[in-house]
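In: After the sequence you'll find the predicted model.
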Amino acid sequence: MRFPGRRLLKIAGWMLAVLLIVTAATACALWFGGGQALAWLLEHPVSSAIGRQIRVAGPLVIHWAAPTHIVVDDIHVANASWGSQPEMFSAKRLEIVMYTRTLLFGPTRIPTITLDGAKLLLETSDHGEANWQFAPAAAAPKQRGEFPHIQRVVMHDSEIDYRNGETGAQSRLEMRDSELAQTDADASSLASPLKIALAGAFQGRPLQLTADLGSIAELRNPTKPYPVKFQGGLGDTKLETDGTIQEPLDFAGVDLRLSLEGKKLHELADVLGVPFPELPDFRGTGKLTGGNGDWHLDAITLKTGDSDLEGGLAIDTNVKVPHVVARLTAHTIDLADFKGLYGEKPKRASRAPAAPGTKDRPEDSDRLIPDTPISVQKLPGLNAELEFDGARIKSASGLPFERVTLGLQLKDGVLKVKPLRFHTADGDVDLNLRFTPFTSKSPPRLGAEIDVRHVDLHKLLRNQSSDMAKQTGGIVGGFIKIDSNGVSLRQLLGRMNGDAGFFMENGQVSDLLQMLAPINVLGALGVYVSGDKPVPINCLVSRFAIRDGLASVSTLLVDTAETQISGEGDVNFATEGLSLSFKPQNKHFTLASLRSPVSVGGSLAKPAFDIETGQLLARLGAATGLGVLFPPAALLPLIDIGLGEHNACAAAYAAQQPPGNPQPHTENAPR
């Protein structure tokens, strides 16, 4: 959503030109009969000259004096023929106080302009044509030295609406009370600084703004930059700027220092039409330079929660869709500050007060996956390229990651992450992602590929406070390839299609197993947990085929010192239901080590376990013999990629390959 300052100044010049035409017509009215003659001039010759019909529905009164006082009630200016509304401008009351003699002998001097109930509609067509581009623009001042001496401008209960016909973006600035005035008591002084005070709303959010500007004399002086200083607040966000503008009439040569802080950065971004997740409270600084639609925001420092960002942005607003190029670095990023990306609320985000008579919605105790909608419908309003390097990334659970790099592209509403890569615990993780937001025919669509290679769980978890985490170990790897659509994490998981695999070698777990399953269930599978003593797992191999949120086991094998366990069934992410069965096989027969199959039902939040009992002889018959347990040959190359060559899984299962079924070469393995 664009509303650039340069465009505002051009429009202000157009409005000033219209006012000058009105006052020139006033001078003519001196000879042709006062207010009625002036109204006729506006509605006929002046309307023809500017190519827009001007209509004066109320009285028009002229008080001749020095200065002259003109009051117009209920004035209207027609819109362009292609416009969305019939009128471009209207005002319940317009008052102009000016020295008419200065129109002829210069410089133009206007002590006061007052507008009550004014409405200004600025819009572009679907071809980019602007409704403010017509004849009066030629009368607007082109050079700083031509700018008239305006001492005071007051607006009450007025609004400016902007509509981009090419993108459909809309914005509204409401001015309940606003004033631009000289600060010096001497109204005739050109050296008196100007001050702006505005109270109103932008995009429905409260807006307060004060500004200290240079004088009219400084504005007219082309040899020096024009000084400006702003202070204000939009909603819960506070902004301060201080600097100069080399060409204030064109809003070019901008050199401003910025300071920004607030509680809801996502609300500020929403006002500007940029999609953003809910974030913690923030503060930041930067330097804005440029002009003519080409901007640079450099020396950025942004602190939100425990995360920091530095870098710069280049912003081009001259194209149909604004284009942003960002180069950012970070010393620390805490992913707990960015839970809003997947629909949760960051801990350090300020909570908005609840509406009277309302209560917080209780959590759905039967579901684990959040269903909070992720705001993505505004992605088409921006094209962006981002390069990011992070030295240290802290996950929401406290797991550190190192050397994070991110390449991101947002173009024509399609978001691509290629790649997100980070190093952790002697291993590497790569993520490639493609995201398409809402279209007229389908909800947002997500495609993702994740590769995990040789991550050491012990090194990854060794700094955790939990004894369970510290005693967990092993080398893990795997992959995920999915395609899905939806507006929340629950919908995306419940509709996904794809393929996933997870592998682990030389692992050990202890209390974790007791959290996943009761101790009698573990005993039935031949996995005995004794106190805090870790349970060794030689190898775990798993692969799931995913269709419409249903992850079906194609391979699930666990190899321990005494037992090998095979699994089958599925996990339904749409309902969060479980339907799994595990069958143990002894490596060595003893009566004390007889195993029983286990079935798992219920849900992710509340799993239900059942130890399947049967005839002892049937159990004895299946107690030994490992010839049926081995992963498919096509899976072995993927295991090598995830765990590295000469891994424990290859050693555990390669010998079981049936005759005439050699292992394929890893270099041609699919990824």
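Out: Sure, I can see it.

In: The closest residue to residue 148 other than its chain neighbours: neighbour count?
Out: Distances taken as CB to CB, 6 or more residues apart in numbering put residue 108 closest to residue 148, at 3.7 Å, once the chain neighbours are dropped. For every residue, glycine as well, the C-beta is placed using N, CA and C. Counted with other CB atoms under 10 Å, the neighbours of residue 108 add up to 21.

In: contacting residues for residue 108?
Out: Shown here is residue 108, whose contacts under the criterion CB atoms under 8 Å, 6 or more residues apart in numbering are 20, 98, 102, 148, 149.

In: Now rank the residues you listed by neighbours and give me the top one.
Out: Among the contacts of residue 108, where neighbours are counted by other CB under 10 Å, the top count belongs to residue 98, at 25 neighbours.

In: got the contact list for that one?
Out: Applying CB under 8 Å, 6+ apart, one finds that residue 98 lies in contact with 23, 67, 68, 70, 108, 109, 110, 111.

In: So what's the residue count around the residue nearest to residue 184 when sequence neighbours are not counted?
Out: In space, not counting the residues next to it along the chain, residue 184 is nearest to residue 192; the distance is 3.1 Å by CB to CB, 6+ apart. Residue 192 has 18 neighbours, counted by other CB under 10 Å.

In: Which of the contacts of residue 98 scores worst on pLDDT?
Out: Across the contacts of residue 98, the smallest pLDDT goes to residue 23, namely 58.

In: on that earlier part again, kindly indicate which of the contacts of residue 108 lies nearest residue 539.
Out: residue 148 (83.6 Å; CB to CB).

In: Quick check: nearest residue in space to residue 181, chain neighbours excluded?
Out: Spatial nearest neighbour of residue 181, chain neighbours left out: residue 152 (4.3 Å); criterion: CB to CB, 6+ apart.

In: What number of residues are in the vicinity of the one you found?
Out: The number of residues near residue 152, taken as other CB under 10 Å, comes to 16.

In: Could you list which residues are in contact with it?
Out: Taking CB under 8 Å, 6+ apart, we find residue 152 in contact with 111, 112, 113, 179, 180, 181, 182.

In: from what I can see the last one touches residue 151, true?
Out: Spelled out, it's residue 182. Yes - with contacts counted by CB atoms under 8 Å, residue 182 reaches residue 151, the gap being 5.2 Å.

In: In JSON lines: the contacts of residue 152, plus neighbour count and distance to residue 168.
Out: Conversion of the contacts of residue 152 to JSON lines gives the following (neighbours: other CB atoms under 10 Å; distance: CB to CB, whole Å):
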{"residue": "111", "neighbour count": "17", "distance to residue 168": "41"}
{"residue": "112", "neighbour count": "17", "distance to residue 168": "38"}
{"residue": "113", "neighbour count": "20", "distance to residue 168": "33"}
{"residue": "179", "neighbour count": "16", "distance to residue 168": "33"}
{"residue": "180", "neighbour count": "18", "distance to residue 168": "32"}
{"residue": "181", "neighbour count": "17", "distance to residue 168": "37"}
{"residue": "182", "neighbour count": "22", "distance to residue 168": "40"}
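
In: of the residues you listed, closest to residue 77?
Out: Using CB to CB as the measure, the one of the contacts of residue 152 that approaches residue 77 most closely is residue 113, at 15.7 Å.

In: Once you drop chain neighbours, what's closest to the closest one?
Out: Here the nearest residue to residue 113 in space, its sequence neighbours aside, is residue 153; by CB to CB, 6+ apart that works out to 4.8 Å.

In: quick one: the one you found and residue 179, what's the gap?
Out: According to CB to CB, to the nearest Å, residue 153 stands 7 Å off from residue 179.

In: What of residue 243?
Out: Following CB to CB, the distance that separates residue 243 from residue 179 is 23 Å.

In: for the stretch 351-500 of the chain, what are the low-confidence residue spans?
Out: When the per-residue scores of the stretch 351-500 of the chain are filtered using pLDDT under 70, the ranges that remain are 351-365, 374-381, 395-400, 438-440, 464-470.

In: residue boundaries of the helices in it?
Out: Assigned by DSSP state H, counting those that start in this stretch, the helices in the stretch 351-500 of the chain fall at 457-461, 467-470, 489-494.

In: by contact count, what packs against the longest one?
Out: Yep, that's helix 489-494 we're talking about. Contact here means 3 or more CB pairs under 8 Å, 6 or more residues apart in numbering; DSSP states H and E; on that basis helix 489-494 packs against strand 473-485.

In: circling back: just confirm the residue nearest to residue 113 is within a strand.
Out: Yes - assignment of residue 153 by DSSP: H, G, I helix; E, B strand; the rest coil places it within a strand.

In: Just give the number of residues close to the closest residue to residue 236 other than its chain neighbours.
Out: Computed as CB to CB, 6+ apart, the closest residue to residue 236 that is not its neighbour in sequence is residue 263, at 4.2 Å. For residue 263, the count of nearby residues is 18 (other CB under 10 Å).

In: Use 48 as the first number from now on
Out: Okay, residue one is now 48; in that scheme the one you just asked about reads as residue 310.

In: Flag the helix or strand of the chain with the lowest per-element mean pLDDT.
Out: Counting by mean pLDDT, DSSP states H and E, the weakest-scoring helix or strand in the chain turns out to be helix 663-668, with a mean of 44.

In: May I have the helix or strand just after that helix as CSV, with CA atoms only?
Out: Once helix 663-668 ends, the next helix or strand along the chain (criterion: DSSP states H and E) is helix 683-690. Taking Å, rounded to 0.1, in the frame of the first residue of the first chain, the C-alpha atoms of helix 683-690 are listed here in CSV:
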residue,chain,number,x,y,z
LEU,A,683,19.5,-47.4,1.8
PRO,A,684,21.0,-44.6,-0.3
LEU,A,685,18.9,-42.1,1.6
ILE,A,686,20.1,-43.5,4.9
ASP,A,687,23.7,-43.0,3.7
ILE,A,688,22.9,-39.4,2.7
GLY,A,689,21.4,-38.6,6.1
LEU,A,690,23.8,-40.5,8.3
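
In: what packs against helix 683-690?
Out: Other helices and strands packing on helix 683-690, by 3+ CB pairs under 8 Å, 6+ apart, are strand 492-503, strand 520-532, strand 544-556, helix 695-700.

In: Mind splitting the protein into its structural domains?
Out: Dividing the chain into domains by automatic domain parsing, as the record does, gives the ranges 52-275, 514-532+543-708.

In: And the first one, how far out from the chain middle?
Out: It stands for domain 52-275. Taking the mean C-alpha point of domain 52-275 and that of its whole chain, the gap between them comes to 36 Å (CA atoms, centre = their mean, to the nearest Å).

In: Mind listing what's buried along whatever helix or strand residue 244 lives in?
Out: With elements delineated by DSSP H and E, residue 244 resides in strand 240-249, which encompasses its position. Neighbour-count burial for strand 240-249, counted by 16 or more other CB atoms under 10 Å, picks out 240, 241, 243, 245, 247, 248, 249.
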